[in-house]
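Trainee: When you get a sec, could you give me coordinates for this:
(chains A, B, C and D)
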Protein chains: 2
Amino acid sequence: MTPPLHLSLAGQAVEVLRELVLTGEIPPGTRVNEVELAQRLGISRGPLREAIRHLASEGLLVLVPHRGASVPTADAAEVQALFELRTALECAAAGLAASRRTEADVVRLRAVCEESRRAYSAGERFPYRLDLAFHQSLLDAARSPRIAEQVRLVQQRVVLLRSGLRDDPPHQHASLDDHDALVAAVASGEPGRASDAMRRHLARVCAQMLTSLG
Amino acid sequence: MTPPLHLSLAGQAVEVLRELVLTGEIPPGTRVNEVELAQRLGISRGPLREAIRHLASEGLLVLVPHRGASVPTADAAEVQALFELRTALECAAAGLAASRRTEADVVRLRAVCEESRRAYSAGERFPYRLDLAFHQSLLDAARSPRIAEQVRLVQQRVVLLRSGLRDDPPHQHASLDDHDALVAAVASGEPGRASDAMRRHLARVCAQMLTSLG
DNA sequence: TCGCTGCCAACTGTCGACAGTTAACATGGC
DNA sequence: GCCATGTTAACTGTCGACAGTTGGCAGCGA
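Mentor: Below is the predicted model of the structure:
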């Protein structure tokens, strides 16, 4: 039996809708019809509305009164503002990680970097999974749950932005070097150095996304 | 009658509930009864549920499946984690403000500081309004809407924490000095200096709250 | 007296239907 | 031909009611 796994319909709808948005199945600019989507998910409008509002609070949807929800569109100013927030959060996380890292944290970070290089050398097309894993490992080392949660939300929006890009450039070699530098800075135990390394890394990634936008 | 004020019932409920929570009228630890509160607000459970979920996404309420919402209680670890997030955001904002401030920004910041000192000298009991005004002015100078929005959410939770404190110490003289130092650092145009000044300020405020918790 | 079991009340989760608003279209006047 | 206006269809906002779950309480037995 499955008695305890009674996740509410609203909770399930949140996860399904999140995937639909992040995978681009509902592309940016698309309006969401409540009755249509509710039928598609096989639930009522009530739980679906809750799911929509939840994702709106995460920035994955925008609400307009009496006109429903839609997937936000990418925008240069938007990318810049988003990366300002991401930089604030991840630089702080990098600094905290440098202060609090254990030997196990460093080992884990090095392992992710090595796996990324292996995948890159093997010509793998989407090491985004490993990029996220790296940043996640760094957040674990920072041991600041609140910051980690906010970073997760911002990264999610970056993924959404990426889904709207025409040419999604593969993980670049420069980022691999950035990650190695970050691990070295975190291992050194100097918060300022780790924070600066993260700032440089994110500045590069941001610049790349801005050029991809044209 | 209020027919033309086309704010949705859910939107109104959000603001009313927010005040009820922040003013301590619904003290931390209290569970929120949907039907009771809905009758009290004169609305149905639907819009009220949306309001509850919205405030939960802001951290002003916590949800437990099948057991409803309740106001979160203060906790030392919680205060520390919250201030780590606040420090990350406001230090970045201070740095950006130092980079982007105009002459008008500096004038405004100085004006708020002077008014704070006047109020303090006059023995005013709650210059929190002016403290918030100062931080808001600094965020305006930073010109980073995303960071500003997140800071607003964090500050709101700090207010909630303060409402649960027994002895809520009045605005201290040290904070006035901190604010002056911050203005000077922002005016200097050196991001690192402004960021450090903010870090020291928030560290002091955090320490004060931790001692108030006992 | 203590522990277990079954019932019960209260509350949340969910649904279907109605009302209000918005935007687009058709229509008529200039 | 173009703009203003009335109409209409579609969608969101709101409501009341039903169903499912949770936690507590009474009753029974050891």
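
Trainee: what helix or strand does A:Ser99 sit in?
Mentor: Using DSSP states H and E, A:Ser99 maps to helix A:76-100.

Trainee: Downstream of that helix, the next helix or strand is which one?
Mentor: Once the chain leaves helix A:76-100, the next helix or strand it forms, by DSSP H and E, is helix A:103-121.

Trainee: That following helix vs helix A:76-100, what angle?
Mentor: 140 degrees (axes from the mean of the first three to the mean of the last three CA atoms, to 10 degrees).

Trainee: got the residues of chain A near chain B?
Mentor: Taking CB under 8 Å from any CB of the partner chain, the part of chain A that reaches chain B is made up of A:8, A:46, A:49-50, A:53-54, A:57-58, A:65, A:81-82, A:84-85, A:87-89, A:91-93, A:96, A:144-147, A:150. From N, CA and C alone the C-beta is placed, and that goes for glycine too.

Trainee: Sort out which residues of the one helix or strand A:Arg193 maps to are buried, please.
Mentor: Per DSSP H and E, A:Arg193 falls inside helix A:191-213. Neighbour counts using 16 or more other CB atoms under 10 Å in any protein chain shown place A:191, A:193-199, A:201-202, A:205-206, A:209, A:212 of helix A:191-213 among the buried residues.

Trainee: now, among those, which is nearest to DNA strand D?
Mentor: Nearest to DNA strand D out of the buried residues of helix A:191-213 is A:Met209 (CB to the nearest atom of the strand; 30.2 Å).

Trainee: Show the contacting residues for that closest one.
Mentor: A:79, A:83, A:158, A:161-162, A:165 (CB atoms under 8 Å, 6 or more residues apart in numbering or on different chains).

Trainee: what sits against the residue nearest the centre of chain A?
Mentor: Most central in chain A under CA atoms, centre = their mean is A:Gln155, positioned 2.1 Å from the mean C-alpha point. Applying CB under 8 Å, 6+ apart to A:Gln155 gives the contacts A:86, A:132, A:135.

Trainee: Now these in a markdown table, please, with extra columns for pLDDT and neighbour count.
Mentor: As requested, the contacts of A:Gln155 are arranged in a markdown table below (pLDDT from 0 to 100; neighbours: other CB atoms under 10 Å in any protein chain shown):
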| residue | pLDDT | neighbour count |
| --- | --- | --- |
| A:Arg86 | 98 | 23 |
| A:Leu132 | 94 | 15 |
| A:His135 | 97 | 23 |
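
Trainee: Out of those residues, which is nearest to A:Arg100?
Mentor: Using CB to CB, A:His135 comes nearest to A:Arg100 of the contacts of A:Gln155, at 16.3 Å.

Trainee: Show me how to select, in ChimeraX, the buried members of the residues of chain A next to chain B.
Mentor: Those of these that count as buried under 16+ other CB under 10 Å are selected in ChimeraX with:
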select /A:49,50,53,54,57,58,81,82,84,85,87,88,89,91,92,93,96,144,146,147,150
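
Trainee: among the residues of chain A next to chain B, which are within reach of DNA strand D?
Mentor: Among the residues of chain A next to chain B, the residues lying close to DNA strand D (CB under 7 Å from any atom of the strand) are A:46, A:49, A:65.

Trainee: Quick one: neighbours of the closest residue to DNA strand D within chain A, just the number.
Mentor: Closest to DNA strand D within chain A is A:Gly68: 3.0 Å, counting by CB to the nearest atom of the strand. Other residues near A:Gly68 come to 14 when the count uses other CB atoms under 10 Å in any protein chain shown.

Trainee: which residues sit in contact with it?
Mentor: Contacts of A:Gly68 (CB under 8 Å, 6+ apart): A:31-34.

Trainee: A:Leu139 now?
Mentor: A:93, A:97, A:147-148, A:151 are the contacts of A:Leu139 under CB under 8 Å, 6+ apart.

Trainee: quick one: which two of these are the most distant?
Mentor: Top of the distance list for the contacts of A:Leu139 (CB to CB): A:Ala97 and A:Val151, 11.8 Å.

Trainee: which of these two has more neighbours?
Mentor: Applying other CB under 10 Å to A:Ala97 and A:Val151 shows that A:Ala97 carries more neighbours, namely 31 against 23.

Trainee: surely the more buried one meets A:Ala194?
Mentor: Yes: between A:Ala97 and A:Ala194 there is a contact under CB atoms under 8 Å: 6.3 Å.

Trainee: For these two, list the residues in contact with both.
Mentor: Common neighbours of A:Ala97 and A:Ala194, using CB under 8 Å, 6+ apart, are A:Val186.
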